[in-house]
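no sequence on hand, only this structure:
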């Protein structure tokens with residue numbers, strides 16, 4: 001190793017090094033200037049951070065950008081014959097003109113290059129705002145000495161400025177052609193002094209209230225606070241007309257005259273019922289553990305289980321046509337649209353499955369705990385879980401664009417979307433109504449004395465079910481409870497609606513509710 005450094009930064013000195021067995025290959029030994037960071041743990045942390053950044057470079061390159069990026073491989077070494085400063089980080093020397101493209105405080109270099117800035121933006125979006133790689137520097141697109149800002153933990157040394165560091169990058173970053181190539185959300189025109197911007201940045205979220213690009217399905221307006229739209233049913237007329245006796249029902253879905261129920265007990269089968277005769281027609285067997293979620297489209301019934309699989313059942317043949325080894329833990333939520341089946345799991349991930357071959361199209365990461373609830377409107381997916389958050393995912397960009405603020409204090413168990421509104425139910429015993437066009441809370445309803453396990457929104461009214469054994473029906477004109485149904489003898493865990501009936505399930509079976517038209 002040369003005695004004098006050939007380069008020096010604010011934190012380290014860089015020395016040229018050769019190895020006896022490779023005399024023609026130059027290395028760089030980087031030694032910390034601050035004695036506080038000359039221990040093994042500090043150097044090892046820097047090496048791990050550089051390796052972690054290479055995994056993000058691989059993800060970036062996997063999306064076919066115009067230019068690929070590489071982080072130089074780094075090692076932690078000890079000089080045995082050197083009494084002082086005997087520890088260092090070692091990497092191969094990169095010949096060429098060294099440039100710093102951005103730093104960890106939002107300062108952007110003046111070279112005008114697009115790829116380094118787009119790479120930083122990419123890491124923020126594809127991590128669902130959990131981290132941001134900055135201090136992008138090196139020769140061309142061979143990078144070294146990175147810094148990672150993280151939303152929650154404080155790994156990666158003193159240079160990790162957390163959400164404040166993220167905000168500094170976001171308010172100075174100008175999206176460029178590479179950002180557009182990668183279909184990253186547009187970041188320009190944020191006001192760095194805006195209170196709402198800083199509040200959202202502190203939580204790693206992207207505020208887009210009032211954005212005209214918000215693509216929602218408004219074909220069935222909820223009519224919240226709209227006196228011109230009334231519920232198409234008499235909410236006080238609901239009555240139980242049938243009790244389907246089956247043990248420990250955990251999930252229901254229905255379409256037309258077909259009802260499907262899943263259970264926590266017995267053979268873990270899915271029972272098929274006729275709503276014309278109220279008799280069981282068939283049993284679908286295949287899962288090896290509790291049924292946690294069901295959903296349905298014109299061709300298939302989809303089931304998610306504690307056995308970690310999603311099964312796809314043909315509605316005509318009533319045979320399992322696909323078994324998807326979906327997750328590493330229990331499958332807790334399912335929802336389907338015209339393109340994909342979406343599954344949420346206790347492994348904290350959401351996966352999108354193509355409807356023809358059922359290959360995994362995308363994996364969405366962002367929740368810190370179990371994902372328990374999913375709902376769709378237009379090109380947006382909404383998810384809730386044990387981290388008490390509700391996240392909004394853009395299904396064109398495949399990224400989390402918003403986390404709803406002022407939300408629940410405990411597990412979010414159920415979501416339902418109709419028109420421009422989202423209804424959420426949680427273990428804090430509350431139902432919340434969200435205006436999705438403005439991405440804000442409209443009202444919090446405190447009506448149940450137990451966890452709210454299920455919510456279901458329809459034109460002009462919505463329904464909630466709880467551990468307090470009750471079902472409540474709410475008028476959307478007044479946002480008040482119009483009726484409470486008390487026939488169940490145990491926790492009501494799920495709801496669905498067919499053309500003619502409201503269906504609710506509990507450990508005491510399934511109740512079938514009919515209604516009268518409005519007076």
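Nice, I can see it. Note that this is a predicted model, so its numbers are computed, not measured.

grab the longest helix from the protein for me.
Counting residues, the longest helix in the chain under DSSP state H turns out to be helix 40-61.

who are the packing partners of it?
When contacts are defined as 3 or more C-beta pairs under 8 Å, 6 or more residues apart in numbering; DSSP states H and E, helix 40-61 sits against strand 70-71, strand 74-78, strand 87-92, helix 115-126, strand 142-144, strand 147-150. To be clear about C-beta, it is placed using only N, CA and C from the backbone, and glycine gets the same treatment.

for the ones you listed, give me TSV that also has distance to residue 497 and mean neighbour count.
Listed next are the helices and strands packed on helix 40-61 as TSV, based on distance: least, C-beta to C-beta, whole Å; neighbours: other C-beta atoms under 10 Å:
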stretch	distance to residue 497	mean neighbour count
strand 70-71	53	21
strand 74-78	58	16
strand 87-92	61	20
helix 115-126	36	24
strand 142-144	54	21
strand 147-150	43	23
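
how about a markdown table for those, with distance to residue 262 and mean pLDDT added?
Conversion of the helices and strands packed on helix 40-61 to a markdown table gives the following (distance: least, C-beta to C-beta, whole Å; pLDDT from 0 to 100):
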| stretch | distance to residue 262 | mean pLDDT |
| --- | --- | --- |
| strand 70-71 | 47 | 94 |
| strand 74-78 | 50 | 78 |
| strand 87-92 | 54 | 82 |
| helix 115-126 | 34 | 94 |
| strand 142-144 | 50 | 92 |
| strand 147-150 | 38 | 93 |
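
quick one: closest of these to residue 517.
Among the helices and strands packed on helix 40-61, helix 115-126 comes nearest to residue 517, with 48.2 Å by C-beta to C-beta.

before we move on, back to that, out of the helices and strands packed on helix 40-61, which gets nearest to residue 372?
The nearest among those, by C-beta to C-beta, is helix 115-126 at 23.7 Å.

which elements pack onto that closest one?
With contacts taken as 3+ C-beta pairs under 8 Å, 6+ apart, helix 115-126 sits against helix 40-61, strand 131-134, helix 162-172, helix 177-181.

what's it in contact with?
With contact meaning C-beta atoms under 8 Å, 6 or more residues apart in numbering, helix 115-126 is reached by 56-57, 59-60, 63, 65-67, 69, 101-102, 108-109, 131-134, 136, 141, 143, 166, 169-170, 173-176, 178-179, 181-182, 184-185, 187, 397, 399.

can I get the helices and strands packed on helix 40-61 in CSV with distance to residue 250?
Below are these laid out as CSV (distance: least, C-beta to C-beta, whole Å):
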stretch, distance to residue 250
strand 70-71, 47
strand 74-78, 50
strand 87-92, 53
helix 115-126, 34
strand 142-144, 50
strand 147-150, 37
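
of all these, which lies closest to residue 281?
Judged by C-beta to C-beta, the one of these that comes nearest to residue 281 is helix 115-126, at 45.5 Å.

now do that closest one against helix 40-61, angle only.
Relative orientation of helix 115-126 and helix 40-61, computed by axes from the mean of the first three to the mean of the last three C-alpha atoms, to 10 degrees: 90 degrees.

that older thread, next one: the longest helix of the chain to chain centre, how far?
With C-alpha atoms, centre = their mean, to the nearest Å as the basis, helix 40-61 stands 24 Å off its chain's centre.

again with stretch 312-322
With C-alpha atoms, centre = their mean, you get 29 Å for stretch 312-322.

quick one: average pLDDT of that stretch?
The pLDDT scores in stretch 312-322 average 96.

mind checking which of the contacts of helix 115-126 are buried?
Applying 16 or more other C-beta atoms under 10 Å to those, the neighbour count classes 56-57, 60, 65, 69, 101-102, 108, 131-134, 136, 141, 143, 166, 169-170, 173, 175-176, 178-179, 182, 184-185, 187, 399 as buried.

neighbours around the residue nearest to residue 377 when sequence neighbours are not counted, how many?
Closest residue to residue 377 apart from its sequence neighbours, by C-beta to C-beta, 6 or more residues apart in numbering: residue 417 at 4.2 Å. Neighbours of residue 417 under the rule other C-beta atoms under 10 Å: 24.

any idea which element residue 351 lies in?
Assigned by DSSP states H and E, residue 351 falls within strand 349-354.

please pull up the helix or strand immediately following the helix or strand of the chain with the lowest mean pLDDT.
When the helices and strands of the chain are scored by mean pLDDT, DSSP states H and E, helix 195-201 comes last with a mean of 38. Proceeding N to C from helix 195-201, the next assigned helix or strand is strand 234-244, under DSSP H and E.

pull up the pairing partners for that next one, direction included.
strand 509-516 (antiparallel) (DSSP bridges).

which residues sit against the strand it pairs with?
Counting by C-beta under 8 Å, 6+ apart, 233-235, 237-247, 249, 252, 259, 261, 273, 275, 278, 471, 485, 487-488, 500-505 sit against strand 509-516.

right, and the helix or strand after the helix or strand that residue 302 is a member of?
Element membership for residue 302 (DSSP H and E) is strand 300-305. Proceeding N to C from strand 300-305, the next assigned helix or strand is strand 310-314, under DSSP H and E.

which elements pack onto that next one?
strand 300-305, strand 320-324, strand 340-345.

between the second one and strand 349-354, how big is the angle?
Pointing back at strand 320-324 there. Direction vectors for strand 320-324 and strand 349-354, defined by the same axes, to 10 degrees, enclose an angle of 140 degrees.

burial of residue 137, as a residue count?
Residue 137 is flanked by 19 other residues according to other C-beta under 10 Å.
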